[in-house]
Each structure stands twice: as C-alpha cells, then as structure tokens.
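Asks: The sequence isn't on hand, but the structure is:
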C-alpha cells in the first residue's frame, strides 16, 4: 500500500511539473520579446545618431 501512495505523490508532483512547463515557456517567450523590443528601440536611436553625424560630416 505504501508503494501506491508513493506513486500517487510522485505522479501528482510530475503532473504539476508538466502543468507548469507551458506557463514557464510563455513567460520566457514574453521576456524574450520584451528584450528584443528594448534592443530594437536602442538600435533605432543609435541609427538616428549615426545618420545625424553623417549628415553633419556631409554638410561641412
């Protein structure tokens, strides 16, 4: 009887882990997308600065 209880506890723990995997994946994907957006914003600012500097050099 103790073996059945151990399997029940282990099975419950395993099903909890499998239930949390999609949630964890969704959180990681959202964090990844947010980081991509932030990096994209930084890159746009850097590109604007490069364009400004190039126009400044061209107009000298």
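Replies: Received the coordinates, thanks. Being a predicted model, the structure only gives us computed values, none of them experimental.
Asks: what about residue 58, distance to residue 14?
Replies: Distance, residue 58 to residue 14, using C-beta to C-beta, to the nearest Å: 65 Å. Where you see a C-beta, it was placed from the backbone N, CA and C, and this is true even at glycine.
Asks: Who has more neighbours out of those two?
Replies: residue 14 (11 against 7; other C-beta atoms under 10 Å).
Asks: chain center to the helix or strand that one falls within, what's the gap?
Replies: Using DSSP states H and E, residue 14 maps to helix 2-58. Relative to the centre of its chain, helix 2-58 is centred 1 Å away, using C-alpha atoms, centre = their mean, to the nearest Å.
Asks: Quickly note the distance from residue 43 to residue 33.
Replies: Computed as C-beta to C-beta, the residue 43 to residue 33 distance reads 15 Å.
Asks: scratch that, residue 22
Replies: Using C-beta to C-beta, residue 22 is found at 16 Å from residue 33.
Asks: go on, residue 48?
Replies: 23 Å.
Asks: got it, and residue 46?
Replies: 20 Å.
Asks: ditto for residue 52
Replies: For residue 52, the distance to residue 33 - C-beta to C-beta - is 29 Å.
Asks: Over to residue 18?
Replies: Noted for residue 18: a distance of 24 Å to residue 33, by C-beta to C-beta.
Asks: Next: residue 57.
Replies: 36 Å.
Asks: Please report how far the residue nearest the centre of the chain lies from residue 26.
Replies: Nearest to the geometric centre of the chain sits residue 32, at 2.3 Å (C-alpha atoms, centre = their mean). Separation of residue 32 from residue 26 (C-beta to C-beta): 11 Å.
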